[in-house]
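A.B. asks: Fold the following and give me the result.
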Amino acid sequence: MERPRYFTPAEVAAHVYLGDLWVSFLGKVVDLSALTGRPEGDALLLPILDAAGTDISHWFDPTTRDVRRYVDPLTSCEGYYTPQGRFLNVPPPGPRSDWDTPLDPPWWRDPALQVGLLTAKSRWIELVNTLTLQRTRLQVCSEDTLDQILLRYQRYNSNAYGYTWRYREAVLDMSKTLSDNGVADDDEELDQLRMDRYIPAILLHFNEDFNDDLTEG
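C.D. replies: Numbers count the residues shown, from 1 in each chain. Predicted coordinates:
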């Protein structure tokens with residue numbers, strides 16, 4: 001089974017445009033760009049547009065994974081709790097002639113819109129290229145394997161896969177996470193002690209046999 005892709009809150013926050021709109025909720029990251037193709041000015045889009053790039057878990061009940069509900073104190077009727085304004089796929093509080101029950105699942109239950117999962121904890125690391133002495137700081141997901149971190153790093157070094165990754169002299173297993181490789185995350189403990197966070201440095205050693213392959217190619 002393919003490993004799900006994780007995203008940091010900062011990565012979600014980068015998608016805030018009509019044709020590129022993401023939100024996260026209840027641990028999921030979803031791409032709602034397709035919804036913005038509705039007629040411009042649709043009032044039911046406004047809460048979603050206002051929430052672009054943010055986490056909207058507070059819109060939903062974590063048990064039912066549906067929109068939160070409440071009992072109206074005036075009518076004693078149960079309805080959807082949408083203080084930010086009623087949004088797409090949420091029915092109106094009362095009968096209306098212009099409302100039809102959607103045949104498709106609501107967008108928050110549509111698996112086709114999900115692009116990945118929100119990381120439970122993002123963390124910083126520093127990658128040190130021992131060949132060029134370039135130092136690159138990356139914010140990554142705690143669930144990322146080193147192979148997935150390598151993919152993030154390739155924008156800075158297109159030959160990143162030609163290196164051996166080491167931490168404190170130990171060769172890292174690229175199929176495992178940082179924590180599984182012994183690269184501990186001490187952020188919480190350091191925060192409690194009111195100390196500066198420690199950013200672990202991972203050393204990248206260029207493989208000579210990879211250099212030979214480039215020469216032969």
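
A.B. asks: Show me the protein divided up by domain.
C.D. replies: Using automatic domain parsing, the domain parsing of the chain gives 6-118, 122-216.

A.B. asks: Mean pLDDT and mean neighbour count for the ones you listed - can I get that in JSON lines?
C.D. replies: (Each C-beta comes from the backbone N, C-alpha and C, glycine too.) Formatted as JSON lines, these follow (pLDDT from 0 to 100; neighbours: other Cβ atoms under 10 Å):
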{"stretch": "domain 6-118", "mean pLDDT": "89", "mean neighbour count": "14"}
{"stretch": "domain 122-216", "mean pLDDT": "87", "mean neighbour count": "14"}
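
A.B. asks: what about the strands in this protein?
C.D. replies: For the chain, strands defined by DSSP state E occupy the ranges 6-7, 16-17, 20-25, 28-31, 69-71, 78-80, 114-118, 122-129, 135-141, 163-167, 170-171, 201-206.

A.B. asks: Relative to residue 152, which of those strands is closest?
C.D. replies: Proximity to residue 152, assessed across the strands of the chain by Cβ to Cβ, is greatest for strand 135-141 (5.8 Å).

A.B. asks: Residues contacting the closest one, please?
C.D. replies: Strand 135-141 is contacted by residues 6-8, 10, 119, 121-129, 148-149, 152-153, 156-157, 178, 199, 201 when judged by Cβ atoms under 8 Å, 6 or more residues apart in numbering.

A.B. asks: Need the distance between the two termini of stretch 43-61.
C.D. replies: From its first residue to its last, stretch 43-61 covers 23 Å (Cα to Cα, to the nearest Å).

A.B. asks: Measure how far that stretch is from the centre of its chain, please.
C.D. replies: Remark: stretch 43-61 is offset 16 Å from the chain centroid, using Cα atoms, centre = their mean, to the nearest Å.

A.B. asks: Go through the strands of the chain and name the closest to residue 46.
C.D. replies: Checking the strands of the chain against residue 46 by Cβ to Cβ gives strand 20-25 as the closest, at 12.6 Å.

A.B. asks: which helices and strands does the closest one pack with?
C.D. replies: Judged by 3 or more Cβ pairs under 8 Å, 6 or more residues apart in numbering; DSSP states H and E, strand 20-25 is in contact with helix 9-13, strand 28-31, helix 46-50.

A.B. asks: what's the closest of these to residue 192?
C.D. replies: helix 9-13 (21.6 Å).

A.B. asks: can I get the CA coordinates of the closest one in PDB?
C.D. replies: Taking C-alpha atoms only, helix 9-13 is exported to PDB below (Å, rounded to 0.1, in the frame of the first residue of the first chain):
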ATOM      1  CA  PRO A   9       0.500  23.600   8.100                       C
ATOM      2  CA  ALA A  10       2.800  26.000   6.200                       C
ATOM      3  CA  GLU A  11       2.400  23.900   3.000                       C
ATOM      4  CA  VAL A  12      -1.400  24.000   3.400                       C
ATOM      5  CA  ALA A  13      -1.300  27.800   4.000                       C
END
